[in-house]
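A.B. asks: Fold the following, please.
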Amino acid sequence: MSMLTLEQANKLIGETIDKAVSLSLKPITVVVHDPGGHMIACQRQDGASSLRQKLASGKACGALALGVSSRKIGEMAVDRPHFVASLHALADGGIVPAAGGVIVTDADGRVLGAIGVTGDTSDNDEACALAAIEACGLRAG
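C.D. replies: Numbering: from 1, shown residues only. Predicted coordinates:
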């Protein structure tokens, strides 16, 4: 199974935080998980609240569990709220149905893991994740 290395995970986190700083966002927390949902790395900016690590993980793990971004899971929650609510209890790592969790793939579309970002608006969280993925020469799945 292909997966992100610790070096790649740390680079993704650094690029995500750099983007958040450039946009003057609220303090964010960034996690990177392998394809099985296991955390590779996590960092919280100074001032980020303590629950943020679990929220970021829920975004990343949810994306991996369903094979779509956490934004898409949020859209699914509007149409099928009971279905999405039931997933949280079933999924290891939980599921947070809000933008900011993005699957990371290589150029051939192989899933390498996922990144989860939380701390500002969900749109800004996702924008930082997408910018980091691109800056690292990877693709959003």
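A.B. asks: for this structure, which spans come out with low pLDDT?
C.D. replies: 1 (pLDDT under 70).
A.B. asks: for it, what spans make up the strands?
C.D. replies: With strands called from DSSP state E, the chain shows them at 29-33, 39-44, 101-105, 111-118, 139-140.
A.B. asks: As a markdown table, those with distance to residue 23 and mean neighbour count would be great.
C.D. replies: Yep, even glycine has a C-beta here, placed from its N, CA and C like the rest. Shown next, in a markdown table, are the strands of the chain (distance: least, C-beta to C-beta, whole Å; neighbours: other C-beta atoms under 10 Å):
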| stretch | distance to residue 23 | mean neighbour count |
| --- | --- | --- |
| strand 29-33 | 14 | 30 |
| strand 39-44 | 17 | 18 |
| strand 101-105 | 17 | 27 |
| strand 111-118 | 12 | 29 |
| strand 139-140 | 18 | 17 |
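A.B. asks: longest helix in the protein, by residue count?
C.D. replies: helix 6-22 (DSSP state H).
A.B. asks: Mind listing what's buried along that helix?
C.D. replies: Within helix 6-22, the residues scored as buried using 16 or more other C-beta atoms under 10 Å are 8, 9, 11, 12, 13, 15, 16, 17, 19, 20.
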